[in-house]
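**Q** Here's a sequence, model it:
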Amino acid sequence: YAQAASGTPYDQLLSERIFVPCRMETASIDFTASIPSTYRGKEGRDTDGMSTVPAGGITASAMDMVRFAAGVAAAGACVDGRMLEEQTMRAMWEEQEIGELSGEFPMGLGFSTTLPSERLNTLLVGHGGSTINQHASFMVAPEVGVGAVAFSNEATAGDLVGLVGSEALNLALEEEIGLG
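**A** Numbering: from 1, shown residues only. Below you'll find the model as predicted:
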């Protein structure tokens with residue numbers, strides 16, 4: 001939709017609006033370019049099948065995802081400019097009505113949302129995902145300005161990645177606002 005609305009090719013739009021402002025130096029939608037040369041062509045490695053491509057088609061290093069998380073935590077302000085206006089970012093964090101799942105699995109636009117709890121008293125937004133062999137967890141507390149990312153290349157580590165991401169965010173929140 002963004003490509004059609006803007007008239008700008010998808011890869012260029014991502015680069016101009018997200019990757020460059022956030023200094024995401026390895027981020028790309030060219031999946032084959034992101035595979036380390038030590039993995040390319042190895043027997044048993046699926047390097048061009050859809051099972052290994054993230055649903056959004058974007059690959060990025062852990063450091064790039066930390067930079068993106070910092071931009072989300074700052075309501076769209078990245079180190080080299082804005083990825084989105086603050087009001088647009090905040091609108092993405094508002095829970096959407098999604099029928100029977102509304103309230104059970106709160107979702108904004110591209111982000112899961114966790115409403116403030118008694119313990120945290122702050123909004124949490126995030127996104128996670130998995131392919132056959134990779135897992136990711138991305139969580140941010142935008143009202144506090146902290147976030148955490150966790151990744152694994154191990155097929156069986158899906159649940160662990162979510163736990164590590166949650167614990168990292170809890171540690172950041174403890175440090176920033178004194179949770180204990």
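**Q** What does the pLDDT read for the residue lying closest to Val66 once chain neighbours are set aside?
**A** Excluding the flanking residues, the one nearest Val66 by C-beta to C-beta, 6 or more residues apart in numbering is Val149, at 5.8 Å. For every residue, glycine as well, the C-beta is placed using N, CA and C. pLDDT recorded at Val149 is 90.
**Q** Show me where this structure has its strands.
**A** Taking DSSP state E to define them, one finds strands in the chain at 77-78, 81-82, 112-114, 124-130, 135-141, 146-152.
**Q** Mean pLDDT lowest where, among those strands?
**A** strand 112-114 - the lowest mean pLDDT of the strands of the chain, at a mean of 81.
**Q** Find out how far that one is from the centre of the chain, if you would.
**A** 12 Å (C-alpha atoms, centre = their mean, to the nearest Å).
**Q** Can you list the helices and strands that it packs against?
**A** If you count contacts as 3 or more C-beta pairs under 8 Å, 6 or more residues apart in numbering; DSSP states H and E, strand 112-114 packs onto strand 124-130.
**Q** lowest average confidence, helix or strand, in the chain?
**A** Here the helix or strand of the chain ranked lowest by mean pLDDT, DSSP states H and E is helix 31-34, holding a mean of 58.
**Q** May I see the buried residues of the longest helix along the chain?
**A** Ranked by residue count and defined by DSSP state H, the top helix of the chain is helix 158-177. For helix 158-177, the neighbour count (16 or more other C-beta atoms under 10 Å) marks Gly158, Val161, Gly162, Val164, Gly165, Ser166, Ala168, Leu169, Asn170, Ala172, Leu173 as buried.
**Q** roughly how far is it from the heart of the chain?
**A** 14 Å.
**Q** packing partners for that helix?
**A** Contact partners of helix 158-177 among helices and strands, from 3+ C-beta pairs under 8 Å, 6+ apart: strand 124-130, strand 135-141, strand 146-152.
**Q** partners of the first one, with directions?
**A** In the sheet, strand 124-130 lines up against strand 112-114 (antiparallel), strand 135-141 (antiparallel) (DSSP bridges).
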